[in-house]
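Peer 1: Predicted model and sequence below, questions to follow.
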Amino acid sequence: MTDDSLLLDVRDVSVTFDGFRAINNLSLALKPGEMRAIVGPNGAGKTTMMDIITGKTRPDTGIVRFKGRDLTKLDEPTIARLGIGRKFQKPTVFEALTVVENLMLSLKGIRSPFSVLMARPTARERERIAHLLKLTRLEKHADRQAGGMSHGQKQWLEIGMLMGQEPDLLLVDEPVAGMTDAETMATADLLREINRTRSVVVVEHDMDFVRALGVTVTVLHEGSVLAEGPLDEVSADPRVIEVYLGR
Ligand SMILES: Nc1ncnc2c1ncn2[C@@H]1O[C@H](COP(=O)(O)OP(=O)(O)OP(=O)(O)O)[C@@H](O)[C@H]1O
């Protein structure tokens, strides 16, 4: 049985690498429009879970559905086209290009990279770029080379590039690692703004950031869901305390 009212339905999924069960009967359900924070100690299976959703890793058993479609037989580009965008931990912007050029390249649509750099943007493209610059608060940096920006600005640019693809669901891996406290809080604001129109799954260790998001938290441990609920509730759960402190 699957629930078609869910945006993302990961059910009883297991993955074994060389006899080691990295994901063990994991279930995760996301409603349309929801943002979820995923936390868990190193090796809990957070990255592997993202790999399963994006088609990079195939589950041995279980169900993975997005908008009612079975993802387990689709390849990564097809899953991306269905509306799942992923941001990896390290920023991978085009350092030699400007902020605007990076955003132009990211736009969902018909342009080839060559035409982006050679031709003038259309009115519609200019409108979309202006929206992304405003969203990421990079308006003042529009014509700067991406390589010269701070780590935090590069992360925001890449989140803007992800939004250029217009995904329904954004998967964001440890966005605030290496950021200052102010950048961390600005990133929480950015994701909350994005969540007004998109669903988001964000993996993050930084608890101040997770608190600022104010969303349901799923705690992973040894490839399974250990606890799920508001941050205050899960962080008071003795099993969660044991996992984080008892080693
Ligand atoms: N391709 C692979 N081959 C073998 N083992 C793997 C592979 N990928 C992940 N693992 C193992 O699976 C477990 C889960 O790893 P995963 O990277 O998903 O955890 P994580 O929660 O993302 O950890 P971290 O917070 O350190 O990024 C770990 O024990 C890891 O060593």
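Peer 2: Good, I have the coordinates.

Peer 1: domain parsing for this structure?
Peer 2: 1-83+170-179+199-247, 90-166 (automatic domain parsing).

Peer 1: The ligand: which of those is closest?
Peer 2: domain 1-83+170-179+199-247 (3.2 Å; Cβ to the nearest ligand atom). Backbone N, C-alpha and C define where each C-beta goes, glycine included.

Peer 1: mind listing the strands for the chain?
Peer 2: Using DSSP state E, the strands of the chain run over 8-17, 20-30, 35-39, 61-66, 69-70, 84-87, 169-173, 199-203, 216-221, 224-229.

Peer 1: Make TSV from these and add mean pLDDT and mean neighbour count to it.
Peer 2: As requested, the strands of the chain are arranged in TSV below (pLDDT from 0 to 100; neighbours: other Cβ atoms under 10 Å):
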stretch	mean pLDDT	mean neighbour count
strand 8-17	97	19
strand 20-30	96	18
strand 35-39	97	23
strand 61-66	97	18
strand 69-70	95	12
strand 84-87	94	22
strand 169-173	97	22
strand 199-203	98	23
strand 216-221	96	23
strand 224-229	97	18
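
Peer 1: could I get those strands as a markdown table with distance to the ligand?
Peer 2: As requested, the strands of the chain are exported to a markdown table (distance: least, Cβ to the nearest ligand atom, whole Å):
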| stretch | distance to the ligand |
| --- | --- |
| strand 8-17 | 3 |
| strand 20-30 | 3 |
| strand 35-39 | 9 |
| strand 61-66 | 15 |
| strand 69-70 | 22 |
| strand 84-87 | 13 |
| strand 169-173 | 8 |
| strand 199-203 | 7 |
| strand 216-221 | 6 |
| strand 224-229 | 11 |
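
Peer 1: Rebuild these as a markdown table, extending it with distance to residue 244.
Peer 2: Converted to a markdown table, the strands of the chain look like this (distance: least, Cβ to Cβ, whole Å):
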| stretch | distance to residue 244 |
| --- | --- |
| strand 8-17 | 23 |
| strand 20-30 | 19 |
| strand 35-39 | 9 |
| strand 61-66 | 26 |
| strand 69-70 | 35 |
| strand 84-87 | 25 |
| strand 169-173 | 20 |
| strand 199-203 | 15 |
| strand 216-221 | 9 |
| strand 224-229 | 10 |
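
Peer 1: Close to the ligand: what parts of this structure are there?
Peer 2: Within the chain, the positions adjacent to the ligand are 17, 18, 20, 22, 40, 42, 43, 44, 45, 46, 47, 48 by Cβ under 6 Å from any ligand atom.
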